[in-house]
Every structure is written in structure tokens, then in C-alpha cells.
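A.B. asks: I'd like to go over a predicted model; first the sequence, then the structure.
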Number of protein chains: 2
Amino acid sequence: MRDAGRTRRSVLDAAARTVAANGTAVSLDVIARAAGVSKSGLLHHFPSRDGLFLALAADLAERFADAVQAAVDPRDNAPGRLVRAYVRATFAELENGASAPEQVMLAGALSAVPGVDQVLRAHTERWNEAFEADGLHPDRCLLIVRAADGATVAAIYEGAANPDELRHTRELLLRLSHGDGSV
Amino acid sequence: MRDAGRTRRSVLDAAARTVAANGTAVSLDVIARAAGVSKSGLLHHFPSRDGLFLALAADLAERFADAVQAAVDPRDNAPGRLVRAYVRATFAELENGASAPEQVMLAGALSAVPGVDQVLRAHTERWNEAFEADGLHPDRCLLIVRAADGATVAAIYEGAANPDELRHTRELLLRLSHGDGSV
């Protein structure tokens, strides 16, 4: 049971790396090799390529949702606590040197796989409901979330993330999340 | 002279498509074929792979800068006119169905090419100077620009761009660009 979970995890991690680097045209053989598992071991968990890529898209979305939940401050009961956790989780990844190009290329490559749009839209609906319950004005929430998402691509478009600017942007967004009404 | 410009343009466009789909590991033969030019014709304009990718990164940055300049309203003399043009140009691309995944994957792939970071950083410095001269409070400018950038990836992360939300976000950002002081 534990081994099965480990194999599944290895395959998903290897798939993330290889798809980010080479797109979804990569073969299952290459992914199995990168994961250090046999092809039949891979096929046991993921009988098809598209099935593997769908599972990978769901895994990415779930792991980000988990990171946001983990970033919720339990003493914070003010409106916007989830938005603040979203900002903290997003910038923690960027500041810890997570490879923004790799993440974005992976998401872009997966977005062309049939069925991935439905997986992502289901997650988006859950986020929208959670943000609605979070109590900030919808425009304020939209602005903060979009700006946090924008910081993840700025590192790509600008040649490198600027640590001072990252910190400044995070503080600005957290401050905005304490405001009332629209923006 | 005109033919030379056309060949150069064909090669850059073909490189953009193939790198977005397959990463920078793509061969110059494949790019030449996709451009409908001979390999020697390609090599005449771009003697090396990395040289081609550097030129492509510069071309993307310049074409976006041109789109923003074209979106400046000549009757608009208020602070933030460049920021408003940036917002309009960004959302025009999204609303015209420009492939956000393709653009982002292309930028992500190019970002790993040696020298591309310098090209992009030089552009970023020019943008920063232009935004400073544009007269909005720096935090207001940063927030609007980052949120516009975020809208370009939201389409990827959320499975599809939502036209109503795009329009709403654009209006929100344009409204913010008319505000005074910080946010």
C-alpha cells in the first residue's frame, strides 16, 4: 500500500519534470525511466497517457490548494483570511525559488490535454465558492488573486524574480486584503 | 531587402510556434521546414540556435511594447495613460483569443536560453522607466500591471478564459488607473 503510494508519487513527480521540459509529446517510457519504475509499474497506476496527464493536473491543483490551506493563519478570523493564505502560499513558492517557468510551462502543456479544462474548471468553481465565503468584496478579492498570479509570470517575462519587489508586492497585497469594500 | 525581412519574419513566427509546442530542443531543420525556407536561408539570418532564440525573445518583447504603444489613447493626457494602454493591449490579446498557453510556454521555454534573461531585463528596465514617467503611484502601477499579467495565466490555470470576467477585470483595472495615490 505504502509502496503503491510511493510509486504513484514518483511517477507524478517525474511526469511533471519531463512534461515541463519537453511537453506532453514525451513517451511513457521516458517518464517511467525518470521515475525509476518499470513501464508496467507505471501502467498499473496510469493505464493511459491522457489518464496520467489528467491525474497530474488534478495533483497540481490539489497540492496548491493544500499549500493555501496550510498557510491559513488559525488566529486570523477577519474577512480575507483565505485570500491572505493564497498570497502567502504563492509568494512562499516564488521566494523559495520554485521554478516559475517550469510550473507555468507544465500548466500550459497540460492545458492542451483533453479533459484537463474540466478538471481545472471544477477547481476554479471550488476556489470561487471559497473566496465568496471569505468575505472580501469580490473586486478586491479578484484584484489581489490576479496580482498574485501575475507575480508568478513576472519572473519569466522579466528575466528573473526580484526578491525586494516580491516582498514588496506580497506586503502590498496583504495590506489590500485588510481593506473594506471595493478598491 | 523586402524578401530578407519576410524570411526573417517567417523564421521567427515558425520558431515561436515550434518552440511553444516542443520546447527549445527543437532542431533548426524543423524550424526551417515550418517556416518554408531552406536551412541555409535560416542560417543566413540566424547563424546559431541560441542566436535565433535570443532574437525571438527580443522580438516578442518588442512586439508587445509596440502593441502597448499602439493602444495609447492620444487624447488621454492624465497620469496612467501608459498603464491604461498596457491593460488594453493585454486584454485585447486575451479577448482576441490569442493562445495564452502558447505565449506563456514560449516565454517559459525561452527563459532557459542563455542570454535571454539579459534581453528581458533590459526591457523590464525600459518599462520601469516608462511607468515611472507615467505618473501613477508606483504601488498602484505595480498592482494594475501584475493583475493584468495574472489575467493572462488565469486562462491556463482555470481551464479557460471567462469572457465576462475578462471584461470585468479590464474595467476594474482601468478604473483603478484613474485613482490618486497608493491603493
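C.D. replies: Everything's here; your move.

A.B. asks: Only C-alpha atoms from now on, for both contacts and neighbour counts.
C.D. replies: Fine.

A.B. asks: Which SSE is immediately downstream of the helix or strand containing residue A:83?
C.D. replies: Following DSSP states H and E, one finds residue A:83 within helix A:81-95. Using DSSP H and E, the helix or strand that follows helix A:81-95 in sequence is helix A:100-110.

A.B. asks: show me the contacts for residue A:138.
C.D. replies: Applying Cα atoms under 8 Å, 6 or more residues apart in numbering or on different chains, we find residue A:138 in contact with A:132, A:182.

A.B. asks: Could you list the domains of chain A?
C.D. replies: A:1-47, A:54-176 (automatic domain parsing).

A.B. asks: May I see those arranged in JSON lines, with mean pLDDT as well?
C.D. replies: Output for the domains of chain A, formatted as JSON lines (pLDDT from 0 to 100):
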{"stretch": "domain A:1-47", "mean pLDDT": "92"}
{"stretch": "domain A:54-176", "mean pLDDT": "92"}
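
A.B. asks: Please produce JSON lines containing those domains, extended by distance to residue B:61.
C.D. replies: Converted to JSON lines, the domains of chain A look like this (distance: least, Cα to Cα, whole Å):
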{"stretch": "domain A:1-47", "distance to residue B:61": "22"}
{"stretch": "domain A:54-176", "distance to residue B:61": "9"}
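
A.B. asks: tell me the contacts of the residue lying closest to residue A:160 once chain neighbours are set aside?
C.D. replies: In space, and not counting its chain neighbours, residue A:160 is closest to residue B:117: 6.7 Å by Cα to Cα, 6 or more residues apart in numbering or on different chains. By Cα under 8 Å, 6+ apart, the contact set of residue B:117 is A:158, A:159, A:160, B:111.

A.B. asks: chain center to the strand or helix carrying residue A:175: distance?
C.D. replies: Following DSSP H and E, one finds residue A:175 within helix A:163-176. How far helix A:163-176 lies from its chain's middle: 19 Å, per Cα atoms, centre = their mean, to the nearest Å.

A.B. asks: helices or strands next to that helix in the packing?
C.D. replies: On a contact count with 3 or more Cα pairs under 8 Å, 6 or more residues apart in numbering or on different chains; DSSP states H and E, helix A:163-176 meets helix A:81-95, helix A:138-157, helix B:138-157.
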